[in-house]
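Enquirer: with the input below, show me the fold.
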Amino acid sequence: MAGGLIGGALATLLTLGMQLLWQGEKFLEPALLFDAFLRLVTYLAVGLVAGWLASDTGRGLVRREHEYQELADHHLRELEGWEQEQKRLLQRLRDLDRQVRDLAVLRDAASRLSAARTPEAVAQVVADTGAKVFPTDFFGVFLVREGDGTLVAAQVCDVADRCPEGTVVEAGQGIVGWVAAHGEFAHSLDVESDTQYQASPWEQEFRSFTAFPVVVQQKVSGVLAVGRSGDPPLDQNQVFLLRGLAEQAGMAWERVLLHQELERLARTDGLTGLLNRRSFDEALVRELHRAARYRLPLSLILLDVDHFKHYNDQNGHPAGDGLLQAVAQLISRQVRAVDVVARYGGEEFALILPETSGSAAVLLAERIRKAVAQQDFPGGSRQPCGRVTVSLGVAAYPDSATTAEGLLHEADQALYRAKAGGRNRVEAAVQPEHR
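Expert: All right, here's what the predicted structure looks like:
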């Protein structure tokens, strides 16, 4: 910087000296002297500034100005980046908030599913939950039919009614059928151009389609499906939620089946599959109450396998169990769907016949007796009569008795008379006025 200042001063003095030489004798005039002084100061200032600008400090400021500009540009870019990051974080927060709400809905669904006692109730809860979590054109719950494997639309939320409830989907047909047949999920982003699943006509009306199997006891028992026409396909989080809902539905179905199986075991006889004594007693009280309320007849039949102990001794207990199972099946084929058949105990069976008179019950008892006598049971030839036979006693409400205990007593007395009369016969309870 010092070199620049000295250079500027010398240049100013040189310029002033040349002007003084040119002015000559006029130098000593006051006006000229004052003018020369001003010129000296001006040139000195100009020289100093020029020297300073030429110095390192001047060049440094210019350089710093460029650096400040670059730094400002850098900070501006950082601010723009922070703004974009802020937008991304806000979107992430909105997504997290949506996920929290969806998970809360799934938690509520889990609570409701734990209280469901039938597959239909499970389907209803899943449909309600799906409509909340997946606001879309279509959400459907399909149940697999036992036997033929076809699927039925059990619960549907469809704004255009493209697949109404009750719609039957053949196994392997369309995306829903493919999922049921393969036990795998399907996520078609463009249904029209997707050749993997060969969508059915009603599925082709959607732009995207996603479906998950509902697996119960390692077997596909249903399908959950989401179809969208205008909205974007389900994103990764939504696919994850649909998978979770399908898994919850599967676990709920398993609990329902387990509960039903436990109820069945508690109410049925393990050997014959008929109702057990406890269930029979409950059914008799219930049917008697109904008969009394509506003034309807009701009949009761008690049946006993003749010489069953002899059959066991001659053929063995496994054969005896087989005989009881066969007799139970034969009886079940002879009665109506509304009739109640139970294993009363040992080799005894009981039948409750709603809206059936005593005379009609005697006819049924005779038909059962003949069917058993005509059946060729294994080891039947070793029986005292040369074949397996049964004895039956019949009692009727209100002719024979008006209470459960009274009916059982009258039917048991009739059965005793049938056995005492030679077995392989039907006896009806004696009406009170004839006793």
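Enquirer: beyond the host helix or strand of S332, next helix or strand please.
Expert: Using DSSP states H and E, S332 sits within helix 317-334. The first helix or strand that comes after helix 317-334 along the chain, using DSSP H and E, is strand 340-345.
Enquirer: give the contact list for the residue positioned nearest the centre of the chain.
Expert: Centroid-nearest residue in the chain, with CA atoms, centre = their mean: A249, separated by 3.0 Å. For A249, the contact set (CB atoms under 8 Å, 6 or more residues apart in numbering) comprises 113, 122-123, 126, 141, 214, 222, 224. To be clear about C-beta, it is placed using only N, CA and C from the backbone, and glycine gets the same treatment.
Enquirer: let's see that with 6 Å instead.
Expert: 126, 214 (CB atoms under 6 Å, 6 or more residues apart in numbering).
Enquirer: use 501 as the first number from now on
Expert: Sounds good: first residue 501 from here, last item A749.
Enquirer: which helix or strand contains S891?
Expert: Taking DSSP H and E as the criterion, S891 maps to strand 890-897.
Enquirer: ok, how many other residues are close to A865?
Expert: If you count neighbours by other CB atoms under 10 Å, A865 ends up with 28.
Enquirer: that one against V926, yeah?
Expert: Yes. Look at A865 against V926 with CB atoms under 6 Å: they come within range, at 4.4 Å.
Enquirer: which residues are in contact with both of those two?
Expert: With CB under 6 Å, 6+ apart, A865 and V926 have common neighbours L892.
Enquirer: for L802, what are phi and psi?
Expert: phi -110, psi 130 (degrees, to the nearest 10).
Enquirer: any weak-confidence spans in this structure?
Expert: 501-564, 591, 593-599, 601-603, 605, 930-935 (pLDDT under 70).
Enquirer: show me where it has helices.
Expert: 502-523, 530-554, 556-615, 619-633, 674-682, 736-767, 777-794, 808-815, 817-834, 858-874, 904-920 (DSSP state H).
Enquirer: distance to G846 added to those helices, as TSV?
Expert: Formatted as TSV, those follow (distance: least, CB to CB, whole Å):
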stretch	distance to G846
helix 502-523	128
helix 530-554	124
helix 556-615	39
helix 619-633	36
helix 674-682	46
helix 736-767	19
helix 777-794	11
helix 808-815	7
helix 817-834	9
helix 858-874	17
helix 904-920	13
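Enquirer: among these, which is the most enclosed?
Expert: helix 674-682 (a mean of 23; mean count of other CB atoms under 10 Å).
Enquirer: so which of the helices of the chain gets nearest A653?
Expert: Nearest to A653 among those is helix 674-682 (8.8 Å), distances taken as CB to CB.
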